[in-house]
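Colleague: The amino acid sequence is not available; the structure is as follows:
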């Protein structure tokens, strides 16, 4: 205790001498969390606080300062004064930082924090090996579940080994992966674990809106890298987009999918007439023609196409050839 008091006096003297230098400088901000989970029993300032306004070396120094050891009950509380005093005892002037956030932090020790990164790495490496995807392009998040709780209870993190049994197709989004795990004694345990899998991919997006029937050029597109978790996305390489025709209206900033494009060499244009349009039906008999007004279009078509229309006076369906936007010719 005498040694501690002597050290504290020396620190206080140091603080008094450095106060003038600290005055007027921008203060470091230390915001205390309300709750913290740790995967090791030794709790540090970085576990319970967010630090800003300091350079990287000062931030690392403060983050690594030890505060206390979590007891066997796996829970404890640390108050703001305990954190403040520990920083001061390191020789950091109190005038150089400001405290905010909670007055007391609830700390909980959890071995699950050790297991999750190991399981995520196991799945990520298995996907990289089996599907030829760079491991840095794969994001795996293991979800909370009874299966994870069972793994934590039965296999220490230091003994966790295993393989992921993946499906034939690349798993994406919210899914479940079968894991075959072994402990230090060689006992094998099988668990189906819920995960979320995201792959970073190069995709082509539209720089402007593209109307249906437009022949796509490089000016319409740009290539970006983005996370993909949709199994149906099926992005198209940029060189396969250029020269193709838009099979539908494509909004700006939309990812180009295969279904948005006509088949190579095929040009799709918007039909001249669509269901629920109204046209005149012309019946031609030799030099005489008869015009039936306001027939309702039942099927789509362009000039020369045979479509179905309905005579609304008799509710009769007729087959007619599209002439223009307002006229169809009754088929003989």
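Modeller: Sure thing, it's come through. Worth saying up front: this structure is predicted, and the values here are computed from it rather than measured.
Colleague: Report the spatially nearest residue to the residue minimising distance to the centre of the chain, omitting neighbours in sequence.
Modeller: The centroid of the chain falls nearest to residue 227 when counting by Cα atoms, centre = their mean (5.7 Å). Distances taken as Cβ to Cβ, 6 or more residues apart in numbering put residue 198 closest to residue 227, at 4.5 Å, once the chain neighbours are dropped. (C-beta placed from N, C-alpha, C; glycine too.)
Colleague: wait, that neighbour sits on residue 228?
Modeller: Yes: in terms of Cβ atoms under 8 Å, residue 198 counts as a neighbour of residue 228; the distance is 6.8 Å.
Colleague: what about those two, which has more around it?
Modeller: Comparing residue 198 with residue 228 by other Cβ atoms under 10 Å, the one with more neighbours is residue 228, at 21 against 17.
Colleague: and the more buried one, what does it touch?
Modeller: 172, 198, 199, 200, 201, 203, 235 (Cβ atoms under 8 Å, 6 or more residues apart in numbering).
Colleague: Let's have those residues in TSV, adding pLDDT.
Modeller: Conversion of these to TSV gives the following (pLDDT from 0 to 100):
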residue	pLDDT
172	90
198	92
199	91
200	89
201	85
203	87
235	74
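Colleague: Looking at the residues you listed, which are in strands?
Modeller: Under the assignment DSSP state E, those contribute 198, 199, 200, 201, 203 to strands.
Colleague: Not counting its neighbours along the chain, what's nearest the second one?
Modeller: Nearest residue to residue 199 in three dimensions, chain neighbours excluded: residue 228, at 5.3 Å (Cβ to Cβ, 6+ apart).
Colleague: Can you flag the buried ones in the contacts of residue 228?
Modeller: Buried by 16 or more other Cβ atoms under 10 Å: 172, 198, 199, 203, 235, out of those.
Colleague: May I have the secondary structure class of residue 125?
Modeller: The three-state label for residue 125, taken from DSSP: H, G, I helix; E, B strand; the rest coil, comes out as helix.
Colleague: what's the closest non-adjacent residue to it?
Modeller: Setting aside the residues directly before and after it, residue 125 is nearest to residue 135 in space (Cβ to Cβ, 6+ apart), at 6.3 Å.
Colleague: Contacts only, for residue 223.
Modeller: Counting by Cβ under 8 Å, 6+ apart, residue 223 has contacts 202, 203, 204, 205, 238.
Colleague: Mind doing that once more with 6 Å?
Modeller: Listed by Cβ atoms under 6 Å, 6 or more residues apart in numbering, the contact partners of residue 223 are 202, 204, 238.
Colleague: for residue 76, same thing?
Modeller: By Cβ under 6 Å, 6+ apart, the contact list for residue 76 reads 70, 107.
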